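[1] Attaching a predicted model along with its sequence, questions to come.
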Amino acid sequence: MIEVCNFPTCNSFPQSNGMCVAHSKYADLKIERPAIKKIAAKSKTMTINHKEYKKIVVEMLLVSNKCEINSDVCTHTAQGLHHMRGRGEFLLDKRYLKRACNACNSFIESNPDWATENGFLLTRFSPIDKI
């Protein structure tokens, strides 16, 4: 981690006394920087949705573990789910989830034109009732 001046809100490089040139006159004072608050990796809503999503993944893969994409690189054994409309508001909507092997999921990411033509990638402008 890059060291910075001990003076609050100062991001300059410190000297040997822990203060930058401009703030070195305060070096004898005990000044504490405010604690840095970490930003949460996931929001509370996303944490709750992710728990529900895990249940959906297990449920769908127990029904069948065959890949539904069947691209040129398919391994034919589903290892997870592909999100046809992204992972936003449609994360828990089973209509937009397809069982997919990792190879097909990567193929769709690399070939969006192929995926759109074959109905595996729906944009936000695609009609919701397309499926």
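    Nice, I can see it.

[2] The longest helix along the chain - contacts with which helices or strands?
    For the chain, the helix with the greatest residue count under DSSP state H is helix 44-63. The helices and strands touching helix 44-63, judged by 3 or more Cβ pairs under 8 Å, 6 or more residues apart in numbering; DSSP states H and E, are strand 80-83, strand 97-100. Where C-beta positions appear, they are placed from N, C-alpha and C, glycine not excepted.

[3] just how off-centre is that helix within its chain?
    In terms of Cα atoms, centre = their mean, to the nearest Å, the centre of helix 44-63 is found 15 Å from the chain centre.

[4] nearest to residue 67, of the helices and strands packed on helix 44-63?
    Residue 67 lies closest, by Cβ to Cβ, to one member of those: strand 97-100, at 5.6 Å.

[5] helices or strands up against the worst-scoring helix or strand of the chain on mean pLDDT?
    When each helix and strand of the chain is scored by mean pLDDT, DSSP states H and E, helix 112-117 comes last, with a mean of 92. For helix 112-117, the packing partners by 3+ Cβ pairs under 8 Å, 6+ apart come out as helix 102-110.

[6] Can you dump the C-alpha atoms of the helix it packs on in PDB for me?
    The C-alpha atoms that make up helix 102-110 are tabulated as PDB, following Å, rounded to 0.1, in the frame of the first residue of the first chain:
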ATOM      1  CA  ASN A 102     -18.900 -23.400 -19.300                       C
ATOM      2  CA  ALA A 103     -17.700 -23.700 -22.900                       C
ATOM      3  CA  CYS A 104     -21.100 -22.600 -24.300                       C
ATOM      4  CA  ASN A 105     -21.300 -19.700 -21.800                       C
ATOM      5  CA  SER A 106     -17.900 -18.500 -22.900                       C
ATOM      6  CA  PHE A 107     -18.800 -19.000 -26.500                       C
ATOM      7  CA  ILE A 108     -21.900 -16.800 -26.100                       C
ATOM      8  CA  GLU A 109     -19.700 -14.100 -24.500                       C
ATOM      9  CA  SER A 110     -17.200 -14.200 -27.300                       C
END
